[in-house]
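1. predicted structure and sequence below. I'll ask about it afterward.
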Amino acid sequence: MKRILLEPLRMQIHQEDISVADSWFELLSVVHMMAMMTLMEANSKLIPDQTVPSETVESSDDIGSAVDLLVKAAGYLQFCLREILVQIPPHIKMKLPVDLQENLLEATYIQSLGQGTEMQLASAVGCKNATLSVKRRLACEKLSYFSQAHHCLSTCDNLNGYEKKHLSFIKWKFLEAKAAAYYYHGLITDKGTEPSRHINAVCCFLAAEEILTESKKACLNFCLTAPITRLES
């Protein structure tokens, strides 16, 4: 599954002719490309070494490196938003390609942080020493990031095929995080002795199951949206 997690981020790198004579635009293009290349490097950390047949899962070092690279890419994108884009005159901003529009940059910046949190959650789930509180916190952080990213991307104008697939991916991850947040909150709530806490826990589990079903449908929609994606376990 992790092998395709960064695909919507990586596939934003495509050519689009634009003629703008502005030094800030040139700087924006360069820093944005640095962010995209960093995301591709993070993606490569999650692809198993084909020369080692027994290697079917990513090592903790690779996951840690991928998280660091995601944070690094988010830093580049934040710099684009906070330091460069604000310097570009409005009449030039109107000519920017979709990839460099403010809302899409914001969505990608937040998504990078969200996917880093997702990997931390996956590591916590596989760690016996990680508490339920830690898992719930990470699930809620992931939910917050993908909720913000979905809002930013859904407000973009003139989304093309790639951006529409990107939006379907974020919706899938948002629902997945929401289901996890309800699930871990239910586990924590169920530790109480009061009958009301058990009832609340059951409600959380039911909500998590319902949202997880929606998440699976969103995943299928993402896979079938062109270009078609094949999930790998």
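-> Good, I have the coordinates.
2. ok, then the element right after the lowest-mean-pLDDT helix or strand in the chain?
-> When each helix and strand of the chain is scored by mean pLDDT, DSSP states H and E, helix 7-10 comes last, with a mean of 52. Next along the chain after helix 7-10, taking DSSP states H and E as the criterion, comes helix 23-45.
3. can you list the buried residues in that following helix?
-> 24-25, 27-29, 31-32, 34-36, 38-39, 41-43, 45 (16 or more other Cβ atoms under 10 Å). Quick note: C-beta positions are derived from backbone N, CA and C, even for glycine.
4. pLDDT below threshold where in the chain?
-> 1-21, 48-59, 158, 232-233 (pLDDT under 70).
5. rerun at 50
-> 1-5, 10-11, 13-17, 55-56 (pLDDT under 50).
6. what's the helix or strand harbouring Ala179 packed up against?
-> Assigned by DSSP H and E, Ala179 belongs to helix 161-189. The contact analysis (3 or more Cβ pairs under 8 Å, 6 or more residues apart in numbering; DSSP states H and E) places helix 161-189 against helix 7-10, helix 102-125, helix 132-154, helix 195-224.
7. would TSV of those with distance to Gly186 and mean neighbour count be doable?
-> Listed next are those as TSV, based on distance: least, Cβ to Cβ, whole Å; neighbours: other Cβ atoms under 10 Å:
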stretch	distance to Gly186	mean neighbour count
helix 7-10	30	20
helix 102-125	15	22
helix 132-154	9	20
helix 195-224	3	15
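8. quick one: which of the ones you listed is nearest Val86?
-> helix 102-125 (9.5 Å; Cβ to Cβ).
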